[in-house]
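In: Sequence first, then the predicted structure, then my questions.
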Amino acid sequence: MLTAHPPTTRTEQAFPRADRIAAAAAAVLLITAVVAGAALNLTGSPVQAQTAPLYALWHPHLGPGTPAALTVAAAVLLHGARLAASMPWRRLLIACYTAAAVWTLSLALIDGWRVGLAGRLTAQAEYLTEVPGVTDIPAMLHGFTDRILDFQPDSWTTHVSGHPPGALLMFVWLDRIGLGGGGPAAVVCVLAGAAAAVAVPVTLRALGDEHAARASMPFLVLLPGAVWVGVSADGLFAGLTSTALALLAVALTTRRRSAAAGGAVAAGTLLAFSCYLSYGLVLIAPLAVAVIVCACRGGRAPAAGPVLGIAAAAGVLTVVGFTAAGFWWLDGYHLVVQRYYQGIASERSYGYWVMANLAAFLLSAGPLAAVVARRVITALPSRAPYVLLPAAALLSVAVADISGLSKAEVERIWLPFAVWIPAGAALLPVPSWRGWLAAGTAAALVVNHLLLTIW
């Protein structure tokens, strides 16, 4: 049964004191990260990021995407909440996906087609550099770990070496089906990344809360992280992992056996495969647990045991497939830690970045993240999906941050977690929605117009 009433009402104060304090603390964190980063760069202890806490270059500019980005932003700010509340569900999903894709493309095109899209994945450190050399996929998988460490004649490029082979494999597959080159690969990343804007609401609705699903949609459409979805492989990862979790939620809650079985196979396969896209995506596990807990509350999961068994079996088969092909995940992980400290990561201060990472995450997830975090903490131990899902995402971010293996560039690396923060939008007073949405939208527009994001 769907939630009949929203967790908040229109009679609440729009911006209560506690929310304003949380937002002010986030602003202080961001200012501190900017000032400290600039000071360290100027005093001989560089943080290896010119515009810390973001990894970018100072480059104020306008571009062909500017008018479109402003138009989409204005349309969603003015009409997004009303349409999200009133449109029929299937039409709303189509509108939400389309708007998110257009928003992402518009932001990318502020930098122009070549710089903003087609050239993003063709840089020397990127995946597409290695695609022409992969003529034998089994041989690539079998010898992948031998090329992870740097300072060898055949070392993988930075991004390929820093990830399991699944990431490179996806771009090889795109090339094999005729979508090779920077332009097609970039468009695929944008279209896949935009899937998060529907996957998160589908998950919430499947878990029994259509109000929270609809409340999240405007925030997902105008997610500031779209600056990095367009274009980075991490945007693709965000789309795939959120889709996997949506499939898991649907599989657990549907009463159609065929849909449950098919969804379980797809979810288990995608969740396991995601661990071969990025080592850090093992931290999707708290989100998967949150989906299972929410699905099982109140008897909503009629066949949880069989569904989870099928999903687990599909995941195990995926792991077995990669292992049989010659890539052992743990070997890759240990080698990539060594490679990590062969580069500029060894020069990046843990003390600075453990704080600055959170500031970068706030710019990617939006100012909404600070308020949602505060409200999630006060709402625990509720098992409501609009509490547990953002709580799980915040837990994953905290673990990644403390690990020290994510120093800088987390504005894109943590996109698979950032997309789940809007799941908590229903916790906010309804009158505040437009204000927080505007703040996040402004952050994206300012970042994309003042900086040239790089990675």
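Out: Sure, I can see it.
In: Would you check that Ala288 makes contact with Leu271?
Out: Yes. Contact criterion CB atoms under 8 Å: Ala288 and Leu271 qualify, at 6.3 Å. The C-beta positions use only the backbone N, C-alpha and C, and glycine is treated the same way.
In: ok, these two, which is more surrounded?
Out: Leu271 (25 against 20; other CB atoms under 10 Å).
In: re earlier: residues that sit against both of Ala288 and Leu271, list them.
Out: Residues touching both Ala288 and Leu271 (CB atoms under 8 Å, 6 or more residues apart in numbering): Leu245, Leu248.
In: what packs against the longest helix along the chain?
Out: Using DSSP state H, we find that the single longest helix of the chain is helix 17-42. Judged by 3 or more CB pairs under 8 Å, 6 or more residues apart in numbering; DSSP states H and E, the packing partners of helix 17-42 are helix 350-365, helix 368-379.
In: got the angle for it vs helix 368-379?
Out: Calculated by axes from the mean of the first three to the mean of the last three CA atoms, to 10 degrees, helix 17-42 forms an angle of 130 degrees with helix 368-379.
In: From here on, call the first residue 56.
Out: Happy to do that; since the first residue is 56 now, the last one works out to helix 72-97.
In: Now do the helix or strand that helix 72-97 is followed by: distance to the chain's middle.
Out: Note on helix 72-97: by DSSP states H and E, the next helix or strand toward the C-terminus is strand 111-113. On the basis of CA atoms, centre = their mean, to the nearest Å, strand 111-113 sits 21 Å off its chain's mean C-alpha point.
In: What of stretch 369-389?
Out: 23 Å.
In: Next, the buried residues of that stretch.
Out: The neighbour-count criterion (16 or more other CB atoms under 10 Å) identifies Ala369, Gly370, Thr373, Phe377, Ala380, Phe382, Trp384, Gly387, Tyr388 as the buried residues of stretch 369-389.
In: And for stretch 159-171?
Out: Thr159, Leu160, Ser161, Leu162, Ala163, Leu164, Ile165, Asp166, Trp168, Val170, Gly171.
In: same thing with stretch 334-354?
Out: By neighbour count on 16+ other CB under 10 Å, the buried set for stretch 334-354 is 334-336, 338-339, 341-343, 345-347, 349-351.
In: That one: end-to-end distance?
Out: 34 Å (CA to CA, to the nearest Å).
In: can you give me the mean pLDDT across that stretch?
Out: Mean pLDDT, stretch 334-354: 94.
In: Tell me the pLDDT of the residue nearest to Pro119 when sequence neighbours are not counted.
Out: Distances taken as CB to CB, 6 or more residues apart in numbering place Leu164 nearest to Pro119, at 5.2 Å, with adjacent residues excluded. Looking at Leu164, its pLDDT is 98.
In: what sits against Leu164?
Out: Gly118, Pro119, Gly120, Ala123, Gly171, Leu172.
In: Now tabulate the residues you listed in a markdown table and tack on secondary structure.
Out: A markdown table is the format used below for the contacts of Leu164 (DSSP: H, G, I helix; E, B strand; the rest coil):
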| residue | secondary structure |
| --- | --- |
| Gly118 | coil |
| Pro119 | coil |
| Gly120 | coil |
| Ala123 | helix |
| Gly171 | helix |
| Leu172 | helix |
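In: Which one (most neighbours) among those residues?
Out: Neighbour max across those (other CB under 10 Å) = Gly120, 26 neighbours.
In: So for that residue, what's the nearest residue that isn't a sequence neighbour?
Out: Leu164 (2.9 Å).
In: about what we covered before: okay, the contacts of Leu164 in a markdown table with distance to Leu147 and pLDDT next?
Out: Formatted as a markdown table, these follow (distance: CB to CB, whole Å; pLDDT from 0 to 100):
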| residue | distance to Leu147 | pLDDT |
| --- | --- | --- |
| Gly118 | 30 | 97 |
| Pro119 | 29 | 97 |
| Gly120 | 25 | 98 |
| Ala123 | 22 | 98 |
| Gly171 | 29 | 96 |
| Leu172 | 28 | 96 |
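In: Identify the farthest-apart pair in these.
Out: Farthest-apart pair in the contacts of Leu164 is Ala123 and Leu172; separation 13.3 Å (CB to CB).
In: Mind listing the shared neighbours of these two?
Out: In contact with both Ala123 and Leu172: Leu160, Leu164, using CB under 8 Å, 6+ apart.
In: returning to that earlier point: among the helices and strands packed on helix 72-97, which is nearest Ile365?
Out: With CB to CB as the criterion, Ile365 lies closest to helix 423-434 of these, at 30.9 Å.
In: And the next helix or strand past the helix or strand that Leu307 is a member of?
Out: For Leu307, the element it lies in under DSSP H and E is helix 288-308. With elements assigned by DSSP H and E, the helix or strand that comes after helix 288-308 is helix 312-329.
In: Tell me which other helices or strands that following helix touches.
Out: Against helix 312-329 (3+ CB pairs under 8 Å, 6+ apart) you get helix 288-308, helix 359-379.
In: Of these, give the one that comes closest to Thr98.
Out: helix 288-308 (31.4 Å).
In: from the chain's centre, how far out does the closest one sit?
Out: The answer for helix 288-308 is 11 Å, by CA atoms, centre = their mean.
In: Now do that helix and helix 312-329, the angle between them.
Out: 150 degrees.
In: and helix 288-308 with helix 359-379, angle?
Out: 140 degrees.
In: What's the mean pLDDT across helix 288-308?
Out: Averaged across helix 288-308, the pLDDT comes to 98.
In: Next, Pro115: phi, psi?
Out: The phi and psi values for Pro115, taken as degrees, to the nearest 10, are phi -60, psi 130.
In: Please apply the same query to the one 3 residues further on.
Out: Dihedral pair for Gly118: phi -160, psi 180, per degrees, to the nearest 10.
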